[in-house]
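**Student:** with the input below, show me the fold.
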Amino acid sequence: MTADARPLAYTEVEIHSYLPSGWGIAPNSTGTWSADRSAWQIDVLDGAENTWTVAVDAADAAGSGRLSALKSAIDHLNRKALGRKSILSG
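**Tutor:** Below you'll find the model as predicted:
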């Protein structure tokens, strides 16, 4: 596969369907293929306007299916975000 190939891509509807409530796609952010990481990535915002990068590995998508890999990547990111200290708890 060449570096220009985009083996993985998602629509906004697919991304929104797996994002937690209150999360959204960052303004002016479009999904891009990173040949260096062999992953598709896009920036998203959580409910507190923190920016996070969703990265879906091509190997995960090939193994479990593209939508399952997207769901897994967003779930992992959500758990990571929940581990961050909140503004209220300091």
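**Student:** pull the longest helix from this structure.
**Tutor:** Secondary structure of the chain per DSSP state H: the longest helix is helix 66-82.
**Student:** may I see the buried residues of that one?
**Tutor:** 66, 69-74, 77-78, 81 (16 or more other C-beta atoms under 10 Å). Yep, even glycine has a C-beta here, placed from its N, CA and C like the rest.
**Student:** helix, strand or coil for the spatially most central residue of the chain?
**Tutor:** A centroid search over the chain (C-alpha atoms, centre = their mean) returns residue 54, at 2.1 Å, as the residue closest to the centre. Per DSSP: H, G, I helix; E, B strand; the rest coil, the local secondary structure of residue 54 is strand.
**Student:** name the nearest residue to residue 20, sequence neighbours excluded.
**Tutor:** Spatial nearest neighbour of residue 20, excluding adjacent residues (C-beta to C-beta, 6 or more residues apart in numbering): residue 78 at 5.3 Å.
**Student:** isn't that neighbour up against residue 21?
**Tutor:** No - if you go by C-beta atoms under 8 Å, residue 78 and residue 21 don't touch, sitting 10.6 Å apart.
**Student:** any stretches of the chain with poor pLDDT?
**Tutor:** In the predicted model of the chain, residues 1-6, 84-90 satisfy pLDDT under 70.
**Student:** torsion angles phi and psi at residue 45?
**Tutor:** Backbone torsions of residue 45, given as degrees, to the nearest 10, read phi -110, psi 140.
**Student:** list the beta-bridge partners for it.
**Tutor:** Beta-bridge pairing of residue 45 under DSSP bridges involves residue 24, residue 51.
**Student:** residues contacting it?
**Tutor:** Residue 45 is in contact with 23-26, 51-52, counting by C-beta atoms under 8 Å, 6 or more residues apart in numbering.
**Student:** what of residue 42?
**Tutor:** Taking C-beta under 8 Å, 6+ apart, one finds 10, 15, 25-26, 29-32, 53-54 in contact with residue 42.
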